[in-house]
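**Q** Sequence plus predicted model, see below.
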Amino acid sequence: MANVPVNRETVLEFHKGGKVGVRLVKPLKTPTDLCLAYTPGVAHAVKEIAARPEAVFGYTAKRSLVAVVSDGTAILGLGDLGAAASIPVMEGKAVLFKAFGDVDAWPVPLDHCRKDGGNTGKTDPQRVIDAVMALAPMYGGINLEDIASPACFEIEDRLDAMLDIPVFHDDQWGTAVITVAGLLNYSHLCGRPVSGLRVVMNGAGAAGIRIADMCKAAGVKDLVMCDTKGVIHAGRTDLNVHKRRHAVGTGLRTLQEALRGTHVFIGVSAADSVTADDVRGMAEYPAIFAMANPDPEIRPEIVAGVMGTKPYVMATGRSDYPNQINNVLGFPYLFRGALDVHARTIGTAMKVAASEALAALAREPVPSDVQALYPQEKLLFGNGYIIPKPFDRRLFVEISYAVAKAAVESGAAPADTDLFALKSNLVARNASR
């Protein structure tokens, strides 16, 4: 598909018949195989699980299977188009899970999870929670996807507390993990400690809130967040509980005021919300993470025109510019690491570990096979390369292991996990893929 134009016709042709299916991991070619897979042999596995419920992780696919769950209320940038319309995205997510993290995943679109019990209107968190709880016995992890804010916060938090398997809303945390990796490498390049960075964010939805959370977990002390009404300050009375956590005592009231003298801009908002003059007013050697899709808050060409030969870092959510903040660098490996150590959750320590490992990998020499996939870019650590590329196979080992190790050290996974054996297994699996 590399040389095929990505237009409506080619995309629809690609999607004919769907993108996922079922593969057998055990043979079914003889009468003995049939007896082992189903009756009468399967009864032994049933009785074992009934006697020891924890045995379900050993005698079924549960431990290595993730449900990709959506109610279709916030599909990409398209909005609320319903559960059925979400299926191509959920199938795509399952494809990425398998291709990059060797994680088996299955789409689970949920209908009738709206406030009125039908297929339109706002999400009813309780209905989604009830549905996920009902299907959870089959899965080792739950990836929530394209569920509108603010319901997504309650759904993730409550499910994570109720279930003994990882629950992860990628729209909240995926972008945050990758953004913080870029932020760490910006800090490395500009020589400013993370704790000394002045960060301004535009966008206070699911992604924006969690990026702010992750930035603070990584050490950021000075962060100002803006929404459509301006700076989120302590004097505002219209803030929900999540925005309230990030309200600051300041006289700043607009995004433009907040950007003056700041080191880092992070945008998950709307196209063209930042101007050339805004960039001129930022601190020396700034970083601009303009991640609105498909059109960023400010186009890289405009920033380049402003900065000239002066140093700066530019990142977007697009694949046609350097430094793409791409969630596929995170979620496959977060789940791979969590599943491999039977983690009960994907906690903050695990997410920060993923960010740190991503940042560290970008500072390493890039293999020639990866460079060959990007002939127009010079993949050498610096302003134009602060984030690894998705097809770098080292991600499978480095990020997955960092997450698994953090899970054990933070108490999210059993303390007696053999991490040396785990890493050896990851290396071997990576070599055989």
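**A** Now that the structure is in, tell me what you want to look at.

**Q** going forward, measure contacts between C-alpha atoms and count neighbours the same way
**A** Fine.

**Q** now residue 226, nearest residue through space, not along the chain?
**A** residue 202 (4.8 Å; Cα to Cα, 6 or more residues apart in numbering).

**Q** What is the neighbour count of that neighbour?
**A** 26 (other Cα atoms under 10 Å).

**Q** go on, residue 421?
**A** 10.

**Q** Quick one: distance of the host helix or strand of it to the chain centre.
**A** Using DSSP states H and E, residue 421 falls within helix 419-432. Its chain's C-alpha centre and that of helix 419-432 lie 23 Å apart, by Cα atoms, centre = their mean, to the nearest Å.

**Q** One more: stretch 95-104?
**A** The answer for stretch 95-104 is 14 Å, by Cα atoms, centre = their mean.

**Q** And for it, what's in contact with it?
**A** Here stretch 95-104 makes contact (Cα atoms under 8 Å, 6 or more residues apart in numbering) with 19-20, 64-66, 94, 105, 328, 331-333, 335-336, 396.

**Q** any idea of the mean pLDDT in it?
**A** Mean pLDDT, stretch 95-104: 96.

**Q** what's the distance between the closest residue to residue 292 other than its chain neighbours and residue 61?
**A** If the residues on either side of it in the chain are set aside, residue 292 comes closest to residue 268, at 5.0 Å by Cα to Cα, 6+ apart. The gap separating residue 268 from residue 61 is 37 Å, by Cα to Cα, to the nearest Å.

**Q** Between the two, which is the more surrounded one?
**A** Set residue 268 next to residue 61 and count neighbours by other Cα under 10 Å: residue 268 wins out with 26 against 15.

**Q** wait, doesn't the more buried one sit right on residue 206?
**A** No: the criterion here is Cα atoms under 8 Å, and residue 268 misses it with residue 206 at 9.6 Å.

**Q** sorry, back to before: among the contacts of stretch 95-104, which one is most surrounded by other residues?
**A** In the contacts of stretch 95-104, the most neighbours by other Cα under 10 Å go to residue 335, 30 neighbours.

**Q** what helix or strand does that one sit in?
**A** Counting by DSSP H and E, residue 335 is part of helix 331-340.

**Q** Now the helix or strand just after that helix: average pLDDT?
**A** Next helix or strand after helix 331-340 toward the C-terminus (DSSP H and E): helix 348-362. What helix 348-362 shows for mean pLDDT is 98.

**Q** Residues contacting helix 348-362, please?
**A** Under Cα under 8 Å, 6+ apart, the answer for helix 348-362 is 177-178, 180-182, 184-185, 214, 217-218, 330, 334, 381, 385-388, 395, 398-400, 402-404, 406-407, 410.

**Q** Tell me where the stretch 101-250 of the chain has helices.
**A** Along the stretch 101-250 of the chain, the segments classed as helices by DSSP state H, counting those that start in this stretch run 125-135, 151-162, 170-190, 206-217, 241-244.

**Q** Residue 117: neighbouring residues, count only.
**A** 14.

**Q** One more: residue 382?
**A** 17.

**Q** before we move on, what about residue 429?
**A** Residue 429: 13 neighbours (other Cα under 10 Å).

**Q** which intervals of the stretch 101-250 of the chain have sub-threshold pLDDT?
**A** Applying pLDDT under 70 to the stretch 101-250 of the chain flags no residue at all.
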